[in-house]
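Enquirer: Okay, here's the prediction I keep looking at, along with the sequence it came from:
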Amino acid sequence: MALNYTNVVALKKTMRTIKTSAEIDICQEHENTKMH
C-alpha cells in the first residue's frame, strides 16, 4: 500500500514536471513569434 502511494506521488510529480516543461516551451514559442 505504501509502495503504491509512493508510486502515485512520483507519477504525479513527473506528470506535473512534463506539463510545466510543455507550458514553458509554449511560452518560448510565443516569445519567438512576438520577436518576428
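Expert: Done, it's in. Numbers count the residues shown, from 1 in each chain.

Enquirer: Please make it C-alpha for all contacts and neighbour counts, starting now.
Expert: Will do.

Enquirer: count of residues packed around residue 20?
Expert: 12 (other Cα atoms under 10 Å).

Enquirer: mean confidence score for whichever strand or helix holds it?
Expert: Assigned by DSSP states H and E, residue 20 belongs to helix 2-35. Helix 2-35 shows a mean pLDDT of 85.

Enquirer: That helix packs against which elements?
Expert: Of the remaining helices and strands, none touches helix 2-35 by 3 or more Cα pairs under 8 Å, 6 or more residues apart in numbering; DSSP states H and E.

Enquirer: ok now that helix, how far from the chain's centre?
Expert: The chain centre lies 0 Å from the centre of helix 2-35; the measure is Cα atoms, centre = their mean, to the nearest Å.

Enquirer: And it, what's buried?
Expert: Within helix 2-35, no residue counts as buried by 16 or more other Cα atoms under 10 Å.

Enquirer: Distance of residue 13 relative to residue 4?
Expert: As defined by Cα to Cα, to the nearest Å, residue 13 lies at a distance of 14 Å from residue 4.

Enquirer: ditto for residue 22
Expert: Distance from residue 22 to residue 4, counting by Cα to Cα: 27 Å.

Enquirer: and what of residue 12?
Expert: Distance from residue 12 to residue 4, by Cα to Cα: 12 Å.

Enquirer: what's the answer for residue 19, then?
Expert: Distance from residue 19 to residue 4, by Cα to Cα: 22 Å.

Enquirer: ok, now residue 14?
Expert: 15 Å.

Enquirer: can you check residue 25 too?
Expert: With Cα to Cα as the criterion, residue 25 and residue 4 are 31 Å apart.
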